[in-house]
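Novice: 3D, please:
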Amino acid sequence: MTEISDNDAAGVQVMSDAYKRWADMPPVKLNMHRQDAFTVLMGLQAAITHPGIRTTQLAAPMEATGRAIQEAICDTPEIYAMAEAGWNRAFDVTPDDDGNGHG
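Specialist: I've put the predicted structure just below:
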């Protein structure tokens, strides 16, 4: 396992403390375009594949948040299916894959 610097550890602690503190606070209401919400959804899907996140306690709440966004914005079965595929690692594109099966 890779050691993290003291500075990184301090940053992780600040984020962890905030995450715990926010648990008892009222919800935040956001106003954003669907396109922006979909971008956030895709970012969360990508972020949880990172080994530094995938193995932490942040992965589950990140996925839950992304799925809540998915439920709110996916307005057709096709868009929903595409968003759902983003949670399935079998659909990930590798760096040498052009996304069309021509790796």
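Novice: got the contact list for the most centrally placed residue in the chain?
Specialist: The C-alpha lying nearest the average C-alpha coordinate of the chain belongs to residue 44 (CA atoms, centre = their mean; 1.5 Å). Shown in contact with residue 44 (CB atoms under 8 Å, 6 or more residues apart in numbering): 62-63, 65-66, 69. C-beta coordinates here come from the backbone N, C-alpha and C atoms, glycine included.
Novice: Let's see that with 10 Å instead.
Specialist: By CB atoms under 10 Å, 6 or more residues apart in numbering, the residues touching residue 44 are 53, 59, 61-67, 69-70, 86-87.
Novice: Give me the subset of those lying in helices.
Specialist: Among the contacts of residue 44, DSSP state H puts 53, 59, 61-67, 69-70 in helices.
Novice: between those residues, which is nearest residue 32?
Specialist: Checking the ones in helices among the contacts of residue 44 against residue 32 with CB to CB, the nearest one is residue 69 at 9.7 Å.
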